[in-house]
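> pasted the sequence and its predicted model underneath.
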Amino acid sequence: MTAVRGPALSFTGDPFRDGLEATMVHEPDAIVAMTGGRISHFGPAGRIAPLLPPGTEVRDWGRDALISAGFVDSHVHYPQTPMIASHGAQLLDWLNRYTFPTELKYADKAFARDVARVFLQENLRNGITTSCVYCTVHAHSVDVLFEEAEKIGLRLAAGKVLMDRNAPEALCDTAQSGYDDSQALIARWHGRGRLLYAITPRFAGTSSPEQLAAAGALWRQHGDCLMQTHIAETRDEVAWVAGLFPDRRSYLDVYDHHGLCGRRAVFGHGIWLDDAEMQHLHATGAAIAHCPTSNFFLGSGAFDIARAMRADRPVRVGLGTDIGAGTTFSILSTLNAAYKAAQLNGQTLSAGHAYYLATRGGARAMYLDDRIGSLAPGMEADLVVLDLRSTPLIDYRMRQAEDFAEQLFVQMTLGDDRAVQATYVAGRLAYARP
Ligand code: GUN
Ligand code: ZN
């Protein structure tokens, strides 16, 4: 058994539904003990210390630390790591100018492995312990990511992109080959250790009705897989998809009609969904990945999280970096952008609600909140340890902070990868800041 000690933050429920008072746990001096990859104890140090077996090593991170469940990135493209920060295009143009040319390089498996390693190291450097990842159309792009994630012991979901039209020939599969490749990948990887398969039709713009139907059939056979795709990210995209599927009532109906909506579906963006579509996501248990840095970078819009969370039909919402349209691996920086997206909608996002999205909310979006996303006995021992004084300015600003909510907000407004001191994966120290 090993243990960490320091201030800790976790959630016992959903603050959007039940309020922060009832769901946020801030323990000023906590111990989190871990054994066999899981949390065995969590609580005030004074109560937990006497319960630990004699000789248990307790690493004290000090009063200026904050221990949290590891961050969850519910929408990200590892193959786009090399093209993050590509200038000057909105979604459809950006896909053609930068994304597809980059993804062509993954025909080379060694190249794919190198990027997968960089991607996973960036995740650890930013305290991300679970992500829901798009690979490329190449099946081996999934193999290398899972192989590298397995070495670290990460819980991770990923899938081969399905794409059979409106993309370069060399990036297209067919309805049949995409189905067969995905089927083989599921057999190889889904449920192996901590790895999960996500059936991944890129979006309605690059899949024929036949391919969406095949993806739906595959998901029906493997209902415990995730399903991820993009929806209603930009207005141009919504109009284009409406033209491609003239018989469908709405963008969500395109997916729903083909059996691609329900529990374990994670829809990226969803900025331009209407109320009926939100209602249907709620009713079917599907989730949205809110990707604010990407939405600002591509000029897609400001997702209205308050509308998605409306009390009479709340939708599950996780947070996504959406690398490489997203501009950072830092979850703190992503929360900064999420706050601004709320502001642009005339709403607000409290720091507590924001940290919930980054942890338990993301886990819930992926139907993994019984295993990850919070600190409690029995949960998998994935942790991030933040340094609350990671820059001179943050240190100075923290001295003015009057309460914990203010401290948390300072972190998400000013903090970035420098604030991540350590990342634990399944109870093992997987990253420590030099
Ligand atoms: N829509 C379809 N593909 C993509 C992608 O790779 N990134 C983003 N942001 N949106 C998409
Ligand atoms: Zn995306």
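Received it, and whenever you're ready, just let me know what you need. Numbering: from 1, shown residues only. Ligands and ions are numbered 1, 2, ... in the order given.
> so who does the nearest residue to His190 once chain neighbours are set aside touch?
Beyond its immediate neighbours in the sequence, the residue positioned closest to His190 (Cβ to Cβ, 6 or more residues apart in numbering) is Tyr197, lying 3.8 Å away. Using the backbone N, CA and C atoms, a C-beta is placed for each residue, glycine as well. The contact partners of Tyr197, by Cβ atoms under 8 Å, 6 or more residues apart in numbering, come to 157-159, 182, 185-186, 189-190, 222, 225-226.
> show me those residues that map onto helices.
182, 185-186, 189 (DSSP state H).
> let's have those in TSV, adding distance to Val118.
Below are the ones in helices among the contacts of Tyr197 laid out as TSV (distance: Cβ to Cβ, whole Å):
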residue	distance to Val118
Ser182	25
Leu185	22
Ile186	26
Trp189	21
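> and which of these is nearest to ligand 2?
Set against ligand 2, the nearest of these by Cβ to the ion is Ser182 (18.1 Å).
> quick one on the thing from earlier: distance to Ser86 for the contacts of Tyr197 - can I get that in CSV?
Formatted as CSV, the contacts of Tyr197 follow (distance: Cβ to Cβ, whole Å):
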residue, distance to Ser86
Ala157, 26
Ala158, 22
Gly159, 24
Ser182, 28
Leu185, 28
Ile186, 32
Trp189, 30
His190, 32
His222, 34
Cys225, 31
Leu226, 27
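> spatially, which two of those are the most separated?
Maximum pairwise distance among these (Cβ to Cβ): 14.3 Å, between Ala158 and His222.
> looking at these two, which has the bigger crowd around it?
Of the pair Ala158 and His222, Ala158 is the one with more neighbours under other Cβ atoms under 10 Å, namely 26 against 17.
> verify the contact between the more buried one and Leu145 for me.
Yes: Ala158 is within contact range of Leu145, at 5.4 Å (criterion: Cβ atoms under 8 Å).
> from ligand 2, how far out is Met24?
Computed as Cβ to the ion, to the nearest Å, the Met24 to ligand 2 distance reads 29 Å.
> what strand or helix carries the nearest residue to that residue once chain neighbours are set aside?
Leaving out its chain neighbours, the residue that sits closest to Met24 by Cβ to Cβ, 6+ apart is Gly352, at 5.0 Å. Per DSSP states H and E, Gly352 falls inside helix 351-356.
> check the residue nearest to Met24 and give its pLDDT.
For Gly352, the pLDDT comes out at 98.
> need the contact list for it.
With Cβ under 8 Å, 6+ apart, Gly352 has these contacts: 15, 20, 24, 405, 408.
> tabulate those residues (JSON lines), appending neighbour count, secondary structure and distance to Ala65.
Listed next are the contacts of Gly352 as JSON lines, based on neighbours: other Cβ atoms under 10 Å; DSSP: H, G, I helix; E, B strand; the rest coil; distance: Cβ to Cβ, whole Å:
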{"residue": "Pro15", "neighbour count": "23", "secondary structure": "helix", "distance to Ala65": "23"}
{"residue": "Leu20", "neighbour count": "17", "secondary structure": "helix", "distance to Ala65": "21"}
{"residue": "Met24", "neighbour count": "22", "secondary structure": "strand", "distance to Ala65": "18"}
{"residue": "Ala405", "neighbour count": "15", "secondary structure": "helix", "distance to Ala65": "18"}
{"residue": "Leu408", "neighbour count": "24", "secondary structure": "helix", "distance to Ala65": "13"}
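> among the residues you listed, which one lies nearest to ligand 2?
Nearest to ligand 2, judged by Cβ to the ion, of the contacts of Gly352 is Pro15 at 26.2 Å.
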